[in-house]
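Participant: Here is my input, please return the structure:
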Amino acid sequence: MSNAVHKLLDRASKEYYNGSPVMSDAEFDALQLSYNYEALGADQADSTVTHLFKMYSLTKVYDEEKYPLHSKGELWHETDKLDGAAVELTYIDGTLAVAATRGDGTIGQDITSKMLLLVPNTIEQKGSVQIVGEVVVKDKSIENSRNYASGALNLKDLEEFKTRIPNLDFIAYSVQAVDYLLTESYYEDMIVLRSNGFLVVTLLPLEHKYPMDGKVFRIDSNLKFSELGYTSRFPRGAYARKLYSDVEIKEAELLEVVWQVGGSGKVSPVSIFSEVIIDDAKVTRATLHNPGFIENMGLCIGDTILVSRAGGVIPKILGKVN
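Facilitator: Numbers count the residues shown, from 1 in each chain. The predicted model follows:
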């Protein structure tokens, strides 16, 4: 792997765990596989909390791979894999005590004051209960929806966060309690959360459409899920089916940077690069957003750059190869 790509993926990994992703999961996964990269852990923010239960990632199964074998006779659920910002909520004797971003899976950034405005503050269950879900954007007009959700959770100003609440939902997809099971069934767990006022991934209202980046498969039996256990990183009773084959990333030569005036009068740098074909479309230019973006990428004329199309539509510079 080139040093530049390694640095790019190091930065993307750190920003993901810090709640400010610089590329989509699918783009990161495609580069990680292509360049045989091992992701780093997170740098922790100043105000952090330890999760009640570790927040695991999911084993990723790609289009060209076979599904893991499901246990014979066991019920599995298929749900949409939401593309937002993962958050855990800890309730103590029915009251929301702390909320945190995923962080490195063990320690996350404290966002309790924000989540108190977005989720039910109380639940019926007693003892210590952790609910995990995704903060997602529900406004289709918002571009880079995952960054919008993560950015909202990282805002320092609570009043500014309040202005984003109408565009956000928290959707729960996991619940665990200390010393007891809510029910024996994952599906029944979601019904319990729904009765407490949560949107849940198994029972999303049909009128809502949220950003997604794959499918999740999870065994229904909570007892079986517990018996299957975990690897160091993943539960064995659930996995994600990702859309790796839908992501095309091409190398191109950066030829020129020009300045373009947008409809609002904003002036932005635009990259001009050697022609590449992505999703059957010819691509020769992409926005560089602002001078800070160019500086962070370390881009220079003549560099070999990595080009994708965000959402399969908008040309996007991911970084450079050399």
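Participant: residues touching the closest residue to T112 other than its chain neighbours, list them.
Facilitator: Leaving out its chain neighbours, the residue that sits closest to T112 by CB to CB, 6 or more residues apart in numbering is A99, at 4.6 Å. No exception for glycine: its C-beta is placed from N, CA and C like everyone else's. Counting by CB atoms under 8 Å, 6 or more residues apart in numbering, A99 makes contact with V87, E88, L89, T90, D110, I111, T112, K114, M115, L116, V119.
Participant: And S195, by the same measure?
Facilitator: Contact analysis of S195 by CB under 8 Å, 6+ apart lists E124.
Participant: any idea how far F273 is from it?
Facilitator: Distance of S195 to F273, computed by CB to CB, to the nearest Å: 53 Å.
Participant: how many other residues sit next to N144?
Facilitator: The burial count assigned to N144 is 17, neighbours taken as other CB atoms under 10 Å.
Participant: sorry, that was for S308
Facilitator: Per other CB under 10 Å, the neighbour tally for S308 reads 25.
Participant: same deal with P205?
Facilitator: 8.
Participant: ok, it touching L199?
Facilitator: Yes - P205 is in contact with L199 according to CB atoms under 8 Å; the separation is 7.4 Å.
Participant: show me what contacts S47?
Facilitator: Here S47 is in contact with Q109, D110 (criterion: CB under 8 Å, 6+ apart).
Participant: Show the pLDDT at it.
Facilitator: If you check S47, the pLDDT there is 85.
Participant: show me where the stretch 151-300 of the chain has strands.
Facilitator: Counting by DSSP state E, counting those that start in this stretch, the stretch 151-300 of the chain has strands at residues 168-177, 199-200, 212-219, 238-241, 250-261, 267-278, 281-287.
Participant: I'd like those written out as CSV, with mean neighbour count and distance to A149 added.
Facilitator: CSV is the format used below for the strands of the stretch 151-300 of the chain (neighbours: other CB atoms under 10 Å; distance: least, CB to CB, whole Å):
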stretch, mean neighbour count, distance to A149
strand 168-177, 22, 6
strand 199-200, 22, 14
strand 212-219, 19, 13
strand 238-241, 20, 18
strand 250-261, 14, 28
strand 267-278, 16, 23
strand 281-287, 16, 21
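Participant: Now render the ones you listed as a markdown table, adding mean pLDDT.
Facilitator: A markdown table is the format used below for the strands of the stretch 151-300 of the chain (pLDDT from 0 to 100):
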| stretch | mean pLDDT |
| --- | --- |
| strand 168-177 | 96 |
| strand 199-200 | 96 |
| strand 212-219 | 88 |
| strand 238-241 | 89 |
| strand 250-261 | 91 |
| strand 267-278 | 90 |
| strand 281-287 | 88 |
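Participant: Which of those strands sits closest to F28?
Facilitator: Closest approach to F28 among the strands of the stretch 151-300 of the chain is made by strand 212-219 (10.7 Å; CB to CB).
Participant: Output the contacting helices and strands for the closest one.
Facilitator: With contacts defined as 3 or more CB pairs under 8 Å, 6 or more residues apart in numbering; DSSP states H and E, strand 212-219 has these neighbours: helix 25-34, strand 76-82, helix 222-228, strand 238-241.
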